[in-house]
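> The sequence and its predicted three-dimensional model are supplied below.
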Amino acid sequence: MQLNHHGRYSYSAITQRPDYSWPEGQRLAVYIALNLEHFTFGSGLGAELAPGGPPPDVLNYAWRDYGNRVGVWRLLELFNQLELPVALLVNSTIYDYCPEVVAAFRDGPRRASGHRTHEIVAHGRTNSERQSILTEAEEAALIAETTQILAHHEGQPPQGWLGPWIAQSTVTPDLLQEAGYTYLLDWCHDDQPIWFKTRQGRILSVPYPQEINDIPAILARKASAAEFAEMIVDTFDEMLEQSRQQPLVYGIALHPYIVGQPFRLRHLRRALTHIASIAAAQPERVWLTQPGAIAAHIHKIHIH
(Lines give C-alpha, C1' and ligand atoms only; values in the text may rest on other atoms or scores of the structure.)
Protein backbone atom coordinates (compact mmCIF):
# COMPACT_ATOMS: atom_id res chain seq x y z
CA MET A 1 0.00 0.00 0.00
CA GLN A 2 1.39 3.38 -1.02
CA LEU A 3 0.67 6.09 1.54
CA ASN A 4 0.52 9.79 0.77
CA HIS A 5 3.86 11.51 1.28
CA HIS A 6 4.76 15.18 1.55
CA GLY A 7 7.71 14.84 -0.84
CA ARG A 8 9.87 17.26 1.14
CA TYR A 9 12.53 14.81 2.37
CA SER A 10 13.36 11.09 2.24
CA TYR A 11 13.92 8.79 5.18
CA SER A 12 17.39 9.00 6.72
CA ALA A 13 18.61 7.27 9.89
CA ILE A 14 20.56 9.65 12.12
CA THR A 15 23.21 6.95 12.60
CA GLN A 16 23.99 6.83 8.87
CA ARG A 17 24.62 10.48 7.99
CA PRO A 18 27.79 12.49 7.29
CA ASP A 19 29.54 13.61 10.45
CA TYR A 20 30.40 17.26 11.17
CA SER A 21 30.74 19.66 14.10
CA TRP A 22 29.47 23.09 15.02
CA PRO A 23 31.67 26.20 14.48
CA GLU A 24 34.24 25.67 17.23
CA GLY A 25 34.15 21.90 17.20
CA GLN A 26 31.18 21.62 19.56
CA ARG A 27 28.76 18.75 19.18
CA LEU A 28 25.60 20.02 20.89
CA ALA A 29 23.90 23.22 19.71
CA VAL A 30 21.42 24.60 22.25
CA TYR A 31 18.91 27.37 21.59
CA ILE A 32 16.02 28.94 23.49
CA ALA A 33 12.93 29.97 21.52
CA LEU A 34 10.76 32.54 23.29
CA ASN A 35 7.33 32.95 21.70
CA LEU A 36 6.04 36.54 21.72
CA GLU A 37 2.40 36.23 20.73
CA HIS A 38 -0.53 38.62 20.45
CA PHE A 39 -4.22 37.79 20.18
CA THR A 40 -7.24 39.72 19.00
CA PHE A 41 -9.88 40.32 21.65
CA GLY A 42 -13.24 38.62 21.22
CA SER A 43 -12.66 37.04 17.81
CA GLY A 44 -10.41 34.65 15.93
CA LEU A 45 -8.42 31.83 17.47
CA GLY A 46 -7.37 31.88 21.08
CA ALA A 47 -5.61 29.45 23.35
CA GLU A 48 -8.23 28.07 25.71
CA LEU A 49 -6.00 27.33 28.66
CA ALA A 50 -9.07 26.79 30.82
CA PRO A 51 -12.78 26.62 29.95
CA GLY A 52 -13.54 30.26 29.24
CA GLY A 53 -16.92 30.21 27.54
CA PRO A 54 -18.02 32.13 24.44
CA PRO A 55 -16.22 35.29 23.31
CA PRO A 56 -15.13 37.63 24.62
CA ASP A 57 -13.13 35.06 26.57
CA VAL A 58 -11.65 37.38 29.18
CA LEU A 59 -10.20 34.57 31.30
CA ASN A 60 -7.91 33.20 28.59
CA TYR A 61 -7.17 36.52 26.88
CA ALA A 62 -5.96 38.05 30.15
CA TRP A 63 -3.95 34.93 31.02
CA ARG A 64 -2.12 35.26 27.73
CA ASP A 65 -1.61 39.00 28.21
CA TYR A 66 0.15 38.38 31.53
CA GLY A 67 3.06 37.05 29.50
CA ASN A 68 3.54 40.30 27.58
CA ARG A 69 3.00 42.55 30.60
CA VAL A 70 4.89 40.66 33.31
CA GLY A 71 6.29 37.26 32.41
CA VAL A 72 8.50 38.34 29.52
CA TRP A 73 10.25 40.94 31.67
CA ARG A 74 11.11 38.34 34.33
CA LEU A 75 12.46 36.06 31.61
CA LEU A 76 14.52 38.84 30.04
CA GLU A 77 16.16 39.44 33.41
CA LEU A 78 16.92 35.73 33.75
CA PHE A 79 18.40 35.44 30.24
CA ASN A 80 20.59 38.49 30.87
CA GLN A 81 21.77 37.15 34.23
CA LEU A 82 22.83 33.85 32.66
CA GLU A 83 24.09 35.54 29.45
CA LEU A 84 21.91 33.26 27.33
CA PRO A 85 21.17 34.12 23.69
CA VAL A 86 17.51 33.83 22.72
CA ALA A 87 15.49 33.49 19.53
CA LEU A 88 12.37 35.67 19.71
CA LEU A 89 9.50 34.13 17.73
CA VAL A 90 7.51 37.27 17.06
CA ASN A 91 3.93 37.86 15.91
CA SER A 92 4.24 41.02 13.83
CA THR A 93 1.30 42.66 15.67
CA ILE A 94 3.50 42.69 18.78
CA TYR A 95 5.12 45.79 17.25
CA ASP A 96 1.74 47.55 17.40
CA TYR A 97 0.77 46.35 20.86
CA CYS A 98 3.98 46.27 22.93
CA PRO A 99 7.00 47.24 20.82
CA GLU A 100 8.99 47.97 23.98
CA VAL A 101 9.20 44.22 24.63
CA VAL A 102 11.16 43.53 21.44
CA ALA A 103 13.16 46.75 21.93
CA ALA A 104 14.30 45.59 25.36
CA PHE A 105 15.84 42.47 23.83
CA ARG A 106 17.18 44.37 20.81
CA ASP A 107 18.84 47.07 22.92
CA GLY A 108 20.10 44.73 25.63
CA PRO A 109 23.58 43.31 26.22
CA ARG A 110 25.68 42.33 23.22
CA ARG A 111 28.38 39.73 22.84
CA ALA A 112 32.04 40.67 22.96
CA SER A 113 32.00 40.65 19.14
CA GLY A 114 29.33 43.36 19.19
CA HIS A 115 26.71 41.08 17.66
CA ARG A 116 23.21 40.87 19.11
CA THR A 117 22.54 38.21 21.71
CA HIS A 118 19.02 37.71 20.36
CA GLU A 119 17.58 36.75 16.97
CA ILE A 120 14.17 37.76 15.57
CA VAL A 121 12.24 34.89 13.96
CA ALA A 122 8.98 35.51 12.09
CA HIS A 123 5.92 33.95 13.75
CA GLY A 124 3.17 35.22 11.47
CA ARG A 125 0.94 38.21 12.16
CA THR A 126 -1.01 36.93 15.16
CA ASN A 127 -1.78 33.62 16.83
CA SER A 128 -5.44 34.41 16.29
CA GLU A 129 -5.14 32.89 12.80
CA ARG A 130 -3.71 29.82 11.06
CA GLN A 131 -2.01 30.10 7.68
CA SER A 132 -2.85 26.50 6.77
CA ILE A 133 -6.48 27.34 5.89
CA LEU A 134 -5.63 30.25 3.57
CA THR A 135 -5.44 30.19 -0.21
CA GLU A 136 -1.94 30.27 -1.66
CA ALA A 137 -2.31 33.95 -2.53
CA GLU A 138 -3.57 34.78 0.97
CA GLU A 139 -0.75 32.85 2.61
CA ALA A 140 1.85 34.54 0.39
CA ALA A 141 0.39 37.90 1.42
CA LEU A 142 0.56 36.95 5.12
CA ILE A 143 4.21 35.99 4.77
CA ALA A 144 5.01 39.18 2.84
CA GLU A 145 3.25 41.42 5.37
CA THR A 146 4.94 39.78 8.35
CA THR A 147 8.35 39.97 6.70
CA GLN A 148 7.97 43.63 5.79
CA ILE A 149 6.96 44.65 9.33
CA LEU A 150 9.81 42.77 11.00
CA ALA A 151 12.33 44.09 8.46
CA HIS A 152 11.09 47.66 9.01
CA HIS A 153 11.56 47.47 12.78
CA GLU A 154 14.74 45.40 12.89
CA GLY A 155 16.60 46.82 9.90
CA GLN A 156 16.86 43.45 8.19
CA PRO A 157 14.41 40.72 7.15
CA PRO A 158 14.10 37.62 9.30
CA GLN A 159 15.74 34.43 8.05
CA GLY A 160 13.55 31.95 9.94
CA TRP A 161 9.84 31.24 10.25
CA LEU A 162 7.56 29.42 12.67
CA GLY A 163 3.91 29.42 11.66
CA PRO A 164 1.24 30.41 14.19
CA TRP A 165 -0.01 27.18 15.77
CA ILE A 166 2.72 25.39 13.75
CA ALA A 167 0.19 25.16 10.94
CA GLN A 168 1.49 24.74 7.40
CA SER A 169 -0.31 24.41 4.11
CA THR A 170 0.99 22.07 1.43
CA VAL A 171 2.91 24.96 -0.16
CA THR A 172 4.28 26.76 2.94
CA PRO A 173 7.92 25.65 2.45
CA ASP A 174 7.73 26.77 -1.19
CA LEU A 175 6.34 30.19 -0.27
CA LEU A 176 8.91 30.72 2.49
CA GLN A 177 11.84 29.83 0.22
CA GLU A 178 10.49 32.10 -2.51
CA ALA A 179 10.11 34.93 0.03
CA GLY A 180 13.81 34.70 0.92
CA TYR A 181 13.66 32.61 4.10
CA THR A 182 16.58 30.27 4.66
CA TYR A 183 15.04 28.03 7.32
CA LEU A 184 11.77 27.02 8.99
CA LEU A 185 11.05 25.67 12.47
CA ASP A 186 7.64 23.99 12.11
CA TRP A 187 8.75 20.35 11.91
CA CYS A 188 9.82 18.36 14.99
CA HIS A 189 10.90 15.21 13.15
CA ASP A 190 14.66 15.17 13.84
CA ASP A 191 17.55 16.22 16.07
CA GLN A 192 19.59 17.59 13.16
CA PRO A 193 18.80 20.25 10.52
CA ILE A 194 17.32 18.64 7.40
CA TRP A 195 16.96 20.03 3.89
CA PHE A 196 13.43 20.28 2.49
CA LYS A 197 12.78 20.21 -1.23
CA THR A 198 10.86 23.17 -2.63
CA ARG A 199 9.53 23.90 -6.09
CA GLN A 200 12.34 26.42 -6.71
CA GLY A 201 15.16 24.91 -4.67
CA ARG A 202 15.33 23.96 -1.01
CA ILE A 203 14.92 25.32 2.51
CA LEU A 204 16.44 24.10 5.77
CA SER A 205 14.31 22.66 8.55
CA VAL A 206 15.89 23.40 11.95
CA PRO A 207 14.55 21.18 14.78
CA TYR A 208 11.91 22.80 16.98
CA PRO A 209 10.76 20.95 20.11
CA GLN A 210 7.33 19.63 20.93
CA GLU A 211 8.51 17.72 24.02
CA ILE A 212 10.69 20.42 25.63
CA ASN A 213 7.95 22.95 24.98
CA ASP A 214 5.95 24.40 27.85
CA ILE A 215 2.57 24.30 26.07
CA PRO A 216 2.43 20.54 25.32
CA ALA A 217 4.38 19.62 28.47
CA ILE A 218 2.58 21.77 31.04
CA LEU A 219 -0.82 22.55 29.53
CA ALA A 220 -1.46 19.33 27.58
CA ARG A 221 0.39 16.67 29.58
CA LYS A 222 0.01 18.49 32.93
CA ALA A 223 3.68 18.39 33.91
CA SER A 224 4.47 20.35 37.04
CA ALA A 225 6.96 23.21 37.07
CA ALA A 226 9.53 20.93 38.73
CA GLU A 227 8.89 18.14 36.22
CA PHE A 228 9.29 20.49 33.26
CA ALA A 229 12.59 21.75 34.68
CA GLU A 230 13.78 18.16 35.11
CA MET A 231 12.80 17.44 31.51
CA ILE A 232 14.97 20.35 30.37
CA VAL A 233 17.94 19.17 32.43
CA ASP A 234 17.59 15.47 31.60
CA THR A 235 17.25 16.14 27.87
CA PHE A 236 20.33 18.36 27.93
CA ASP A 237 22.43 15.82 29.85
CA GLU A 238 21.34 12.92 27.64
CA MET A 239 21.81 14.81 24.37
CA LEU A 240 25.24 15.97 25.49
CA GLU A 241 26.22 12.30 25.80
CA GLN A 242 24.54 11.38 22.50
CA SER A 243 26.34 14.21 20.73
CA ARG A 244 29.61 12.30 21.04
CA GLN A 245 28.26 10.18 18.17
CA GLN A 246 26.82 12.95 15.96
CA PRO A 247 26.15 16.70 16.12
CA LEU A 248 22.74 17.50 17.59
CA VAL A 249 20.36 20.44 18.05
CA TYR A 250 18.51 20.94 21.33
CA GLY A 251 15.75 23.52 21.28
CA ILE A 252 13.79 24.76 24.30
CA ALA A 253 10.43 26.39 23.49
CA LEU A 254 9.00 28.81 26.05
CA HIS A 255 5.97 31.10 26.38
CA PRO A 256 6.07 34.04 28.84
CA TYR A 257 2.52 33.55 30.13
CA ILE A 258 3.44 30.00 31.20
CA VAL A 259 7.03 29.89 32.43
CA GLY A 260 6.92 33.59 33.36
CA GLN A 261 4.64 32.69 36.26
CA PRO A 262 6.69 33.06 39.47
CA PHE A 263 6.47 29.45 40.67
CA ARG A 264 7.50 28.10 37.27
CA LEU A 265 10.19 30.73 36.77
CA ARG A 266 11.98 29.53 39.90
CA HIS A 267 12.26 26.00 38.50
CA LEU A 268 13.17 27.24 35.01
CA ARG A 269 16.00 29.30 36.54
CA ARG A 270 17.42 26.14 38.09
CA ALA A 271 17.29 24.25 34.78
CA LEU A 272 18.82 27.02 32.67
CA THR A 273 21.52 27.65 35.28
CA HIS A 274 22.50 24.00 34.93
CA ILE A 275 22.84 24.35 31.16
CA ALA A 276 24.68 27.67 31.35
CA SER A 277 27.16 26.37 33.92
CA ILE A 278 28.05 23.27 31.91
CA ALA A 279 28.32 25.31 28.71
CA ALA A 280 30.72 27.68 30.47
CA ALA A 281 32.79 24.80 31.85
CA GLN A 282 32.79 22.81 28.59
CA PRO A 283 32.66 25.33 25.74
CA GLU A 284 34.36 22.81 23.48
CA ARG A 285 31.23 20.62 23.69
CA VAL A 286 28.24 23.00 24.00
CA TRP A 287 27.29 25.82 21.63
CA LEU A 288 24.73 28.24 23.12
CA THR A 289 23.28 29.80 20.01
CA GLN A 290 20.20 30.64 17.93
CA PRO A 291 18.48 28.75 15.10
CA GLY A 292 19.64 31.32 12.56
CA ALA A 293 23.27 30.66 13.42
CA ILE A 294 22.64 26.92 13.21
CA ALA A 295 21.11 27.32 9.76
CA ALA A 296 23.95 29.59 8.62
CA HIS A 297 26.53 27.01 9.68
CA ILE A 298 24.81 24.24 7.74
CA HIS A 299 24.69 26.48 4.66
CA LYS A 300 28.38 27.29 5.12
CA ILE A 301 29.65 23.73 5.37
CA HIS A 302 27.36 22.48 2.58
CA ILE A 303 25.91 19.52 4.44
CA HIS A 304 23.47 17.65 2.18
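In hand now; what should we look at?

> CA only for contacts and neighbour counts going forward, please
Noted.

> Tell me which stretches of the stretch 201-304 of the chain form helices.
With DSSP state H, counting those that start in this stretch, the ranges of helices along the stretch 201-304 of the chain come out as 214, 225-242, 256-259, 262-281, 291-301.

> nearest to Pro18, of those helices?
Among those, the nearest to Pro18 by CA to CA is helix 291-301 (11.6 Å).

> mind listing what's buried in that closest one?
By 16 or more other CA atoms under 10 Å, the buried positions in helix 291-301 come out as Pro291, Gly292, Ala293, Ile294, Ala295, Ile298.

> Any regions of the protein where pLDDT drops low?
Low-confidence segments of the chain (pLDDT under 70): 42-53, 109-116, 304.

> Spit out the contact partners of the residue most central in space within it.
For the chain, the residue nearest the mean C-alpha position is Ala33 (3.7 Å; CA atoms, centre = their mean). Going by CA atoms under 8 Å, 6 or more residues apart in numbering, Ala33 touches Val86, Ala87, Leu88, Leu89, Gly251, Ile252, Ala253, Leu254.

> Quick check: next helix or strand after the one helix or strand it maps to?
Counting by DSSP states H and E, the element that carries Ala33 is strand 28-36. Next along the chain after strand 28-36, taking DSSP H and E as the criterion, comes helix 58-66.

> So which elements touch that next one?
helix 256-259 (3 or more CA pairs under 8 Å, 6 or more residues apart in numbering; DSSP states H and E).

> Need the residues that contact the helix it packs on.
Here helix 256-259 makes contact (CA under 8 Å, 6+ apart) with 34-36, 63-68, 71-72, 75, 214-215, 264-265, 268.

> Let's see that with 10 Å instead.
34-37, 62-76, 214-215, 218-219, 225, 228, 264-269 (CA atoms under 10 Å, 6 or more residues apart in numbering).

> Return the angle between stretch directions for the strand holding Ala33 and helix 291-301.
Angle, strand 28-36 to helix 291-301, by axes from the mean of the first three to the mean of the last three CA atoms, to 10 degrees: 140 degrees.

> In the sheet, which strands lie alongside strand 28-36, parallel or antiparallel?
strand 86-90 (parallel), strand 248-254 (parallel), strand 286-289 (parallel) (DSSP bridges).

> Mean neighbour count added to those, as CSV?
As requested, the strands paired with strand 28-36 are exported to CSV (neighbours: other CA atoms under 10 Å):
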stretch, mean neighbour count
strand 86-90, 24
strand 248-254, 22
strand 286-289, 22
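
> Any chance of CSV for those, columns distance to Asn80?
Below are these laid out as CSV (distance: least, CA to CA, whole Å):
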stretch, distance to Asn80
strand 86-90, 10
strand 248-254, 16
strand 286-289, 13
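
> Out of the ones you listed, the one nearest Ser21 is which?
That would be strand 248-254 among the strands paired with strand 28-36, by CA to CA, at 9.0 Å.

> helices or strands up against the helix or strand harbouring Ala144?
Assigned by DSSP H and E, Ala144 falls within helix 136-154. When contacts are defined as 3 or more CA pairs under 10 Å, 6 or more residues apart in numbering; DSSP states H and E, helix 136-154 sits against helix 94-97, helix 99-106, strand 118-122, helix 172-178.
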